[in-house]
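>>> Make a model of this:
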Amino acid sequence: MRCPSGWRIVCCLTLEWLALGVWVGGLIVLIGGVIPAVFNTFGGQDSGGFLLTRVFEGYNRLVIGAMAIMGATSCYRWWSGDPAVAIGWGEMAVLAGMVAIAGIIIGVLHPYAAALQAQAFAVQGEAERKAALGALFGILMPVRSLYIVNLVLGILLIGMKAKRSLCREEVLQ
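Below you'll find the model as predicted:
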């Protein structure tokens, strides 16, 4: 079997898969492991909440790096003109959706939620604290939903890439 692409494309695709793995794998670890562990280990809502905020800030920085890598590699694949690695509209649409959702979370919702969290945990009165926590949980629900949508889109993108890879191998044999 002859591989139609050079080492640059192989490096490009490797970086792209790695970035996608960090993005999707990070969400799976956070949703499936870190969040339950934090709230089952740390007794207080305050300490667990602050820890999770810091964890998601770190994850968001990784996602920014993954977005940059995937954007650059997608551009390189398009620029290369190599039909074996051409980027399809479906793939670009899913990636654009993931980037848009991540941008909304990172640029708008997460900073707002962090500010509400700090405010809620600083309030002393029971009624005020309850109202502040209500506002915090009100914003955390759409953030959580957007993270899950982004996870589903990432899994869809992995499936699209896997299918494309399998179809390409059938053509080359």
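>>> Only C-alpha atoms from now on, for both contacts and neighbour counts.
Noted.
>>> ok, and the residue lying closest to residue 20 once chain neighbours are set aside, which helix or strand is that part of?
Among residues not flanking residue 20 along the chain, residue 66 sits closest, at 6.8 Å (Cα to Cα, 6 or more residues apart in numbering). Residue 66 is located in helix 45-80, with elements delineated by DSSP states H and E.
>>> So which helix or strand of this structure has the lowest pLDDT on average?
Ranked by mean pLDDT, DSSP states H and E, the weakest helix or strand in the chain is helix 35-41, scoring a mean of 77.
>>> Could you pull up the residues touching the residue positioned nearest the centre of the chain?
In the chain, the centroid-proximal residue (Cα atoms, centre = their mean) is residue 23; its distance is 4.3 Å. Listed by Cα atoms under 8 Å, 6 or more residues apart in numbering, the contact partners of residue 23 are 62-63, 66, 154.
>>> What is the nearest of these to residue 88?
Among those, residue 154 lies closest to residue 88 (Cα to Cα), at 15.6 Å.
>>> In three-state terms, label the closest one for me.
helix (DSSP: H, G, I helix; E, B strand; the rest coil).
>>> For it, give me the pLDDT.
Residue 154 carries a pLDDT value of 95.
>>> Work out for me the element the closest residue in space to it that isn't next to it in sequence sits within.
Spatial nearest neighbour of residue 154, chain neighbours left out: residue 24 (5.8 Å); criterion: Cα to Cα, 6+ apart. Using DSSP H and E, residue 24 sits in helix 7-29.
>>> Who are the packing partners of the following helix or strand past the helix holding residue 66?
Sequence order places helix 89-104 as the next helix or strand after helix 45-80, per DSSP H and E. Here helix 89-104 touches helix 126-172, going by 3 or more Cα pairs under 8 Å, 6 or more residues apart in numbering; DSSP states H and E.
>>> Which pLDDT value goes with residue 13?
89.
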